[in-house]
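J.: Kindly generate the corresponding structure for this input.
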Amino acid sequence: MHLRRLTPSDASAYQSLRLAALRESPTAFSSSYEDECDTPLSVIEAHMAPDSGRNRFGAFDGEALAGVVGVGREGAAKLRHKAFVGGMVVAPAWRNKGVGRQLLAHALAFADALPGVRQVTLTITAGNAAALALYASMGFRVFGQEPRALCVDGVFYDTIYMLREAGAP
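T.: Now for the predicted structure:
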């Protein structure tokens with residue numbers, strides 16, 4: 001498995017993986033398939049430009065995109081000590097093979113290298129035991145839960161908030 005930052009040339013593969021994940025696991029994301037299915041490829045390419053301020057990393061098995069993760073930093077001066085991880089997706093064929101752990105480790109190394117970052121946050125949907133276990137094993141701890149944070153097809157789901165100190169093992 002080769003991990004690297006996504007570039008505009010990866011936009012089509014990223015969009016395919018993302019849309020499949022939104023359809024397969026609608027409760028795992030705050031966005032929906034309907035929100036994103038008509039997004040022009042040019043918009044996604046622009047988001048992957050080196051100067052876009054967005055950081056998405058992909059795990060590749062040869063040329064195949066096996067998984068992605070996003071990592072960023074809060075923009076406001078009073079919040080710049082915080083980074084965040086989001087949008088993690090591992091394609092079904094590569095699940096339970098350590099791809100998610102590799103992606104998360106890569107994202108955390110990137111976040112930890114950002115000057116002044118003291119903590120990294122993320123959110124998951126309550127009930128996602130596999131994600132909760134992965135994040136906990138990588139040093140994240142739960143610090144809160146928002147009831148009814150998502151509504152998918154009329155059903156409400158809580159969101160769990162997790163935090164990891166920068167540089168934690």
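
J.: Show me how far stretch 131-147 is from its chain's centre.
T.: 14 Å (CA atoms, centre = their mean, to the nearest Å).

J.: Please apply the same query to stretch 76-85.
T.: That offset, for stretch 76-85, works out to 16 Å (CA atoms, centre = their mean).

J.: Remind me which helix or strand the closest residue to V90 other than its chain neighbours belongs to.
T.: Spatial nearest neighbour of V90, chain neighbours left out: G67 (3.9 Å); criterion: CB to CB, 6 or more residues apart in numbering. Where you see a C-beta, it was placed from the backbone N, CA and C, and this is true even at glycine. In the assignment (DSSP states H and E), G67 maps to strand 64-73.

J.: quick one: the next helix or strand after that strand to chain centroid distance?
T.: For strand 64-73, the succeeding helix or strand toward the C-terminus, using DSSP H and E, is strand 82-90. Its chain's C-alpha centre and that of strand 82-90 lie 3 Å apart, by CA atoms, centre = their mean.

J.: next helix or strand past strand 82-90?
T.: helix 99-112.

J.: got the buried residues for that following helix?
T.: V99, G100, Q102, L103, L104, H106, A107, L108, F110, A111 (16 or more other CB atoms under 10 Å).

J.: Reformat those as CSV; add pLDDT and distance to G72.
T.: Putting these into CSV (pLDDT from 0 to 100; distance: CB to CB, whole Å) gives the following:
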residue, pLDDT, distance to G72
V99, 96, 21
G100, 95, 18
Q102, 97, 19
L103, 97, 15
L104, 96, 14
H106, 96, 14
A107, 95, 10
L108, 96, 13
F110, 94, 10
A111, 94, 8
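
J.: Cheers, nothing more for now.
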